[in-house]
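J.: The sequence isn't on hand, but the structure is:
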């Protein structure tokens, strides 16, 4: 077996941590189980991450960065939101519900939140949501004075909440209701 180093080793460890988290949840994940699964030793993990929390945090951030795709650009705010929310619902919706359960112990132990984790995932990069809103402002579809950070996140938060509450894919009619009935009336330029 070839000895892995650098990025190849780190990638194997983070993939193993993600798999352990997905199968066991945070509470039952151990540094030993991740090391075994990655085919390495605990000291190798501890040289890179101070503890289980930091290891899981790195695995979640890596997985989310890998899975990010650019937001839809249909030429309209409504089209961009519906296309982007639909893709998120189809690709990641059911997993969002599962992830909240798997990470419950992490959030309690680390005294952190989804918002904190989201900031780590973005790491100073602009989010797809920000791109969608900026394009809509440039096209004159949104009154920037009406677009607060909370309102900008509203369609995405509602999609996440729906996925977590129902543990099912979010249907197209719910996405359209989120966009047409709730979000657009709040931000449209008058």
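T.: Structure's in. What do you need? What you see is a predicted model, and the numbers here were worked out from it, not measured in a lab. Numbers count the residues shown, from 1 in each chain.
J.: Show me what counts as buried in the host helix or strand of residue 150.
T.: Using DSSP states H and E, residue 150 sits within helix 149-166. Within helix 149-166, the residues scored as buried using 16 or more other Cβ atoms under 10 Å are 152, 153, 154, 155, 156, 158, 159, 160, 162, 163, 164. Using the backbone N, CA and C atoms, a C-beta is placed for each residue, glycine as well.
J.: I'd say the fourth one and residue 86 touch.
T.: By that I understand residue 155. No: look at residue 155 against residue 86 with Cβ atoms under 8 Å: they stay out of range, at 11.4 Å.
J.: if we can go back for a sec, so which elements touch the helix holding residue 150?
T.: Here helix 149-166 touches helix 77-102, helix 128-138, helix 184-187, going by 3 or more Cβ pairs under 8 Å, 6 or more residues apart in numbering; DSSP states H and E.
J.: now what about that helix, what contacts it?
T.: 81, 85, 88-89, 93-94, 96-97, 100, 129-130, 133, 169-170, 174-175, 178-179, 182-183, 186-187 (Cβ atoms under 8 Å, 6 or more residues apart in numbering).
J.: what angle do it and helix 128-138 make?
T.: With axes from the mean of the first three to the mean of the last three Cα atoms, to 10 degrees applied, the angle from helix 149-166 to helix 128-138 works out at 130 degrees.
J.: what element comes up after helix 149-166 heading to the C-terminus?
T.: Later in the chain than helix 149-166, the nearest helix or strand by DSSP H and E is helix 172-177.
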